[in-house]
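Undergrad: I need the structure of the sequence given here:
(chains A and B)
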Amino acid sequence: MSYRWVDHTAELELEIEASDEREVLEEAVRALAELLGVKGPGELHRPVAVTAADRPALLAAWIEELAFLAESEGFVATGIVELTLGDDHLHAAVAGMLDAPPPLVKAVTYHRLAFEASGEGYVARVVLDV
Amino acid sequence: MSEARRLENELWELPVGTVPGMRVPARVFADPELLAAIEQDRSLEQLANVATLPGIVDAALAMPDIHQGYGFPVGGVAATDAADGVISPGGVGYDINCGVRLLTLPIEFDELADRREALVHELSRRVPVGTGGKGAREGLRGAKLERVLSLGPRALLDDLGIGSAEELHFTESGGCLEGADPAAVSPRARERGAGQIGTLGSGNHFLELQRVSDVYDEEAANAFGLRRGQVTVLIHSGSRGLGHQVCTDFVKRMDARLGHYGFELPDRQLSCAPIDSPEGRDYLRAMAAAANFAWANRATLAHRVRESVGSVLGRDVADNTRQVYDVAHNVAKLEQHAGGTVCVHRKGATRAFPPGHPEIPPEYTQAGQPVFIPGSMGTASYVLAGRRGAMERSFGTTCHGAGRRMSRTAVRKAVDGGQLRRQLEADGIVVRALSARGLAEEAPEAYKDVDRVVEIVERAGLAARVVRLRPVGVVKG
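TA: Got it, this is the predicted structure:
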């Protein structure tokens, strides 16, 4: 289970490898928290619900929702408490903390978007407009 | 992507077949040296992907400042048939109607003298910067926001006395795209944008104090009210979070309908819908509203510039500070080209209509439409005028800037922000930046050579140089 940030000319790309789909979503939470400069477990909880056409779009919607919570409320998610994952939707409760995160993420793009099975696990990729 | 073949001195082509599904060729304006720089990233592959869009006509085009973007390259132009073509939100970009406004002050650089630092400081004090940039005094919600989305800066003038009729006259499309519908803009987009009107933003957005260093075309410069030595202010900003959310909403919505329309695309960020479809019509309504918001944003920024000028240089100087023009470089418009109606997507590309075009203000009809090309801080910017070649070869379009060549991380590793600030100050440029990190990311080394980019578009007959502007102060997010 891991993630890494890859830098391009005008974008920031997040690559994730995980053993299952939930871990992909958890890694996305951790990566975003790192990007926003927040560490440690959070005590506050927030519900998150998104729908999308398929798995890659669901990942994009998930990160977009987390980024919006940070931009609008200053709430930075650091982990997943509950997760229900359907074919075209997810419902979750995320743990996190209130902070003053820099509003770095302007948009979550569909450029080179991926979330798919690979070998015995999953790989995902999402490009952020920052 | 080394298959580019030279068609003319400044024009290269990737033929149909370079990537599967291309409907037309892809063409880029460049010289061999710029082409070599362009080939360092994936922008030509992205341009070839644009050529797969349903209904695209003639060619997918790129200006010499092209660089890698999301789906569409930055510096890309795509015209689609209005009757059976598509509209692609990614072809406009996230920052809908990101653009540039140029103001002239009625004083010479020498007259500014020791008040220059005070003026830059006052500009930085009055203009909120940064990605969020909350706290704008003229933050608009409810009915006032609805009017801005519908009418653009006209609503600010009528409701708040911000701007002037003259400014509207000297703004592309009069600062208002027809067909804007606030109802097409999502609640989240409104929430993200409502408090951001009158804010600069971050990244490559800036406010620059300049002097006219060179005049290439005296007649056009006179028409634009520009003379050697004059002080100018260049404003570069867009539709802030509101525009980003409109793009996000419609990329997602159109992506989910690609199967319905039978579209297969090489990149999901190219998601699109027929212009005459529910998704296409709604996007055009929302995009127009976001474009109007962006013009209102730049009008408010210009208002703050005038307040700053009045505070430091006196009321008379502020009252005689005038707007040369305001141009968009991220927008899609229905236009007439070669006898037909097409939807011209300009993503990081500027409309450049030639002399005599009916959409140019009468005062500029002999000179051609003004075009502003910001370079990087520390180098130079240009005022160009549109030329007939643009109508013949690029759907009335030219470049929009120098074009990025290094990633933000790469330039941060190569450039120390504090050292860059000292270097700029030593070169006579007063700097006010939110952070040394942000300053480093926009270092001159991160960009291509703006002089070369402008030479290419001039030699290609798309636009001609009018004046060159040298920075003497910069405010950055």
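Undergrad: So what's the gap between the longest helix seen in chain A and the chain middle?
TA: If you go by DSSP state H, chain A has its longest helix at helix A:55-73. Taking Cα atoms, centre = their mean, to the nearest Å, the mean C-alpha location of helix A:55-73 is offset from the chain mean by 6 Å.
Undergrad: Please apply the same query to stretch B:432-448.
TA: 19 Å.
Undergrad: now swap in stretch B:156-167 and tell me
TA: For stretch B:156-167 - counting by Cα atoms, centre = their mean - the centre lies 22 Å from the chain centre.
Undergrad: what mean pLDDT does the helix or strand harbouring B:Val431 have?
TA: Per DSSP states H and E: B:Val431 is located in strand B:430-433. Mean per-residue pLDDT for strand B:430-433: 92.
Undergrad: Report all helices and strands that that strand contacts.
TA: Packing partners of strand B:430-433 (3 or more Cβ pairs under 8 Å, 6 or more residues apart in numbering or on different chains; DSSP states H and E): helix B:116-126, helix B:417-426, strand B:463-476. C-beta here means a position set from N, CA and C on the backbone, and glycine is covered the same way.
Undergrad: that older thread, next SSE after the longest helix of chain A?
TA: strand A:75-85.
Undergrad: Would you map the strands across chain A?
TA: Using DSSP state E, the strands of chain A run over A:2-8, A:11-18, A:44-51, A:75-85, A:89-98, A:107-108, A:114-118, A:121-129.
Undergrad: what's the most buried one of those?
TA: Comparing the strands of chain A by mean neighbour count (mean count of other Cβ atoms under 10 Å in any protein chain shown), strand A:107-108 ranks first with a mean of 25.
Undergrad: which residues touch that strand?
TA: A:60-61, A:63-64, A:67, A:126, A:128-129, B:94, B:244-245, B:247-248 (Cβ atoms under 8 Å, 6 or more residues apart in numbering or on different chains).
Undergrad: Just give the nearest non-adjacent residue to A:Ser72, would you?
TA: B:Glu191 (6.8 Å; Cβ to Cβ, 6 or more residues apart in numbering or on different chains).
Undergrad: What is the host helix or strand of that neighbour packed up against?
TA: Using DSSP H and E, B:Glu191 falls within helix B:187-194. Here helix B:187-194 touches helix A:55-73, helix B:142-151, helix B:240-255, helix B:278-313, going by 3+ Cβ pairs under 8 Å, 6+ apart.
Undergrad: Following the chain past the last one, name the next helix or strand.
TA: Read it as helix B:278-313. helix B:315-319.
Undergrad: What residues does chain B have near chain A?
TA: Contact residues, chain B versus chain A (Cβ under 8 Å from any Cβ of the partner chain): B:41, B:67-71, B:74, B:90, B:94-95, B:130-132, B:188, B:191-192, B:241, B:244-245, B:247-248, B:251-252, B:255-256, B:267-269, B:271, B:404-410.
Undergrad: Tell me where the model's unsure across the chain.
TA: Just so you know, I chose chain A. Where chain A drops to pLDDT under 70, the residues are A:9-10.
Undergrad: wrong one, chain B
TA: B:1-2, B:130-139.
Undergrad: Buried deepest among the helices and strands packed on strand B:430-433, which one?
TA: strand B:463-476 (a mean of 25).
Undergrad: need the contact list for the residue nearest to B:Ala183 when sequence neighbours are not counted.
TA: In space, and not counting its chain neighbours, B:Ala183 is closest to B:Arg285: 7.8 Å by Cβ to Cβ, 6+ apart. Each residue near B:Arg285 by Cβ under 8 Å, 6+ apart is listed here: B:Gly179, B:Ala180, B:Asp181, B:Ala183, B:Ala184.
Undergrad: does the second one sit in a helix or strand, and which one?
TA: So the one you mean is B:Ala180. Using DSSP H and E, B:Ala180 falls outside every helix and strand.
Undergrad: Would you mind measuring from it to B:Glu166?
TA: For B:Ala180, the distance to B:Glu166 equals 22 Å [Cβ to Cβ, to the nearest Å].
Undergrad: So if I had to pick from these two, which one is more boxed in?
TA: Taking other Cβ atoms under 10 Å in any protein chain shown, B:Ala180 and B:Glu166 do not tie; B:Ala180 has more neighbours (23 against 10).
Undergrad: Surely the more buried one and B:Ala294 touch.
TA: No: applying Cβ atoms under 8 Å, one finds B:Ala180 not in contact with B:Ala294, separated by 11.5 Å.
Undergrad: residues contacting the residue nearest to B:Glu359 when sequence neighbours are not counted?
TA: Distances taken as Cβ to Cβ, 6+ apart place B:Phe353 nearest to B:Glu359, at 5.9 Å, with adjacent residues excluded. Listed by Cβ under 8 Å, 6+ apart, the contact set of B:Phe353 reads B:Glu359, B:Ile360, B:Gly368, B:Gln369, B:Gly386, B:Ala390, B:Met391, B:Gly396.
Undergrad: what's the closest non-adjacent residue to residue 121?
TA: Reading this off chain A. Leaving aside its sequence neighbours, A:Gly121 is closest to A:Ser19 (4.6 Å, by Cβ to Cβ, 6+ apart).
Undergrad: To clarify, I was referring to chain B.
TA: Of all residues beyond its chain neighbours, the one nearest B:His121 is B:Arg432 (6.6 Å), with distances taken as Cβ to Cβ, 6+ apart.
Undergrad: hey, what's the one you found bridged with?
TA: Per DSSP bridges, the residues bridged to B:Arg432 are B:Val475.
Undergrad: tell me the phi and psi of B:Pro355?
TA: Per-residue torsions, B:Pro355: phi -50, psi 140 (degrees, to the nearest 10).
Undergrad: number of nearby residues for it?
TA: 16.
Undergrad: Isn't it up against B:Thr365?
TA: Yes: with contacts counted by Cβ under 8 Å, B:Pro355 reaches B:Thr365, the gap being 6.3 Å.
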